[in-house]
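In: no sequence for this one, just the structure:
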């Protein structure tokens, strides 16, 4: 009876959360009309037993299980495993879709790194924390270790908040996750208590996920190679679904923190050391002793990767925010925004007016989802028919002839692009001049499309140096794929990890006059930006992301694996680039007292798309990262410079418009 009850509890349940579209405003997001529709249509994913039903744990002892009635052979939720009980939970359809659609050279493994600096919180359990400043180990004080990660994980109650992190894909049936332990709900008595048997087991299992490695010795190159390895090396999903590698060294040595930021951190540390020197006091047995102690700035790099079967990249980042010191404030802000949204929807209307208003919204939504889906499907077919080949196909063929095309290798680079306030000010000026509402996302999609075009032009000149300017292979338009998180990149209260992601494909300008000439009039970049804005606006206002989400679920549940792979590759309409836009926190966050100085994510390349770019904001800084096939982008640093060149042209145009206004 007990086992049947657990199996009954684990049946999928979809929680419709209509207030989801209000959450992104907390972290500076502007929600498109699509996100509002997602609140009605997108399911809440697979919640855990703990979160949904408040169950503490499975309290039966091992003896009880040994004496229990044998499990039915046809029960897909519970299996015997050497006398213990393995709990099965159904995987999301999108998670299984990622398993079925990936290939050997295009693994579905999002990767990102966090770079930390500063001093950790004092730990009463750490012997070094009770010693004097002189005797305290600098490596303990200024670096983040595996032990720190495990302690932070347990103290943040991650096993009960997001138990899927402790799951694996079932070897018998890949439609299910398996848990070999049952997570206890957090209480004041057992939260992070190492004496608790379950917590000890979980902490021991973390050793399979977290490991410490040698720090990077060659600036950027070592980190670049390690990121490439994590993107292209498969994860044995039956053993684990994620891992983190932690290393520490001198500030700025790896390239995870830019030189500008590293110099600023070093300067601040030098000033702090000089101030502490003024506080020196005489001590017994020694003439002087630092009151604080001179410290050298250090950095710790946390390199994460996880399989898409676990969750989408945005959900992983949102879930890991529970590890930061500001986690309670973030959750409180989300809850406050939800309450504000509810009050705003109710207002002071009477019961009848609220019912009429709700009915009208339902009618509008039904019309939008019906007509919008038909239009999106027609647009998808039109893109398929009018883009029969990918502009990079000729590049790949030429590289294969010359023996330069080696599948599975990745070109990796990242950089800080500009201050977020500067980008917002630029879009405001350009919007006012054009009478439109240009967004920061439009701005960087335009810059990236210009860089893709310049990359194609360079390949053309390399392949046909005599007749390069004929532009036989550089298209006037290119297709771009835009992933969209249906929850706005956040996890709502009482929700856990999931795959709540869709995508749409749209057409943007390719080669323009100023691309071929390498310069041109100042109006050319703004012309490209306006065309990009108009194209993205049409797609954002359509239900295409929702439609793609449910098409992927259908393919995962009902179609053979080979059909799913073919549909997934054809659905990108021969897009040249996939562009993901992630908006992070406006202020820097901290982990165990250490400051997260920078964060960069790297997009796993979908089959058929040679370039992936992540546009991200964090702590008031916009950053770019590129993942590409090496035959498509031989020099990823140059590719990002092309993006910044286009940004500089737009900045110059905005400055001239501001003076004339």
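Out: Perfect, thanks for sending it. All of these numbers come straight from a predicted model, not from anything done at the bench. Numbers count the residues shown, from 1 in each chain.
In: Longest helix of the chain, counting residues only.
Out: helix 351-386 (DSSP state H).
In: If you tally nearby residues, what's the number for residue 443?
Out: Residue 443 has 26 neighbouring residues, counting by other CB atoms under 10 Å. To be clear about C-beta, it is placed using only N, CA and C from the backbone, and glycine gets the same treatment.
In: and it, what element?
Out: helix 440-463 (DSSP states H and E).
In: quick revisit: go through the longest helix of the chain and flag the buried ones.
Out: 365, 368, 369, 372, 373, 376, 379, 380, 383, 384 (16 or more other CB atoms under 10 Å).
In: between those, which is closest to residue 615?
Out: Checking those against residue 615 with CB to CB, the nearest one is residue 383 at 22.3 Å.
In: Can you name the residues that contact the closest one?
Out: Contact analysis of residue 383 by CB atoms under 8 Å, 6 or more residues apart in numbering lists 479, 505, 507, 573.
In: got TSV for these, with distance to residue 244, pLDDT and neighbour count too?
Out: As requested, the contacts of residue 383 are arranged in TSV below (distance: CB to CB, whole Å; pLDDT from 0 to 100; neighbours: other CB atoms under 10 Å):
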residue	distance to residue 244	pLDDT	neighbour count
479	35	95	23
505	33	95	24
507	39	95	22
573	35	92	22
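In: how close does residue 115 get to residue 253?
Out: 11 Å (CB to CB, to the nearest Å).
In: more crowded one of the two?
Out: residue 115 (26 against 22).
In: I'd assumed residue 597 was in contact with that one.
Out: Yes. Here residue 115 reaches residue 597: they are 5.1 Å apart, a contact under CB atoms under 8 Å.
In: overlap in contacts of those two?
Out: 257, 299.
In: picking up where we left off before, touching both of residue 115 and residue 253, which residues are there?
Out: Listed as contacting both residue 115 and residue 253 by CB under 8 Å, 6+ apart are residue 299.
In: Per-residue pLDDT of residue 486, please?
Out: pLDDT, residue 486: 85.
In: circling back: right, and the helix or strand after the longest helix of the chain?
Out: helix 393-401.
In: List the contacts of that next one.
Out: Taking CB under 8 Å, 6+ apart as the rule, helix 393-401 contacts 405, 456, 459, 463, 473, 610, 629, 631, 632.
In: what's the burial count for the first one?
Out: As a burial measure, residue 405 scores 17 neighbours (other CB under 10 Å).
In: quick one: the helix holding residue 443 to helix 393-401, angle?
Out: 40 degrees (axes from the mean of the first three to the mean of the last three CA atoms, to 10 degrees).
In: now the next helix or strand after helix 440-463 against helix 351-386, angle please.
Out: The first helix or strand that comes after helix 440-463 along the chain, using DSSP H and E, is strand 477-485. Using the same axes, to 10 degrees, the inter-axis angle of strand 477-485 relative to helix 351-386 is 140 degrees.
In: And strand 477-485, what does it pack against?
Out: helix 440-463, strand 501-509, strand 577-583 (3 or more CB pairs under 8 Å, 6 or more residues apart in numbering; DSSP states H and E).
In: and of these, who's closest to residue 433?
Out: Going by CB to CB, the one of the helices and strands packed on strand 477-485 nearest residue 433 is helix 440-463, 13.8 Å.
In: Would you mind giving the helices and strands packed on strand 477-485 as JSON lines with distance to residue 141 added?
Out: Below are the helices and strands packed on strand 477-485 laid out as JSON lines (distance: least, CB to CB, whole Å):
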{"stretch": "helix 440-463", "distance to residue 141": "38"}
{"stretch": "strand 501-509", "distance to residue 141": "40"}
{"stretch": "strand 577-583", "distance to residue 141": "32"}
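In: Would you mind saying which of those lies nearest residue 210?
Out: Here strand 577-583 is closest among the helices and strands packed on strand 477-485 (CB to CB), at 23.5 Å.
In: Show me how far the helix or strand that comes right after the closest one is from its chain's centre.
Out: In the C-terminal direction, the helix or strand that comes right after strand 577-583 (DSSP H and E) is strand 590-591. Distance of strand 590-591 from the chain centroid (CA atoms, centre = their mean, to the nearest Å) equals 18 Å.
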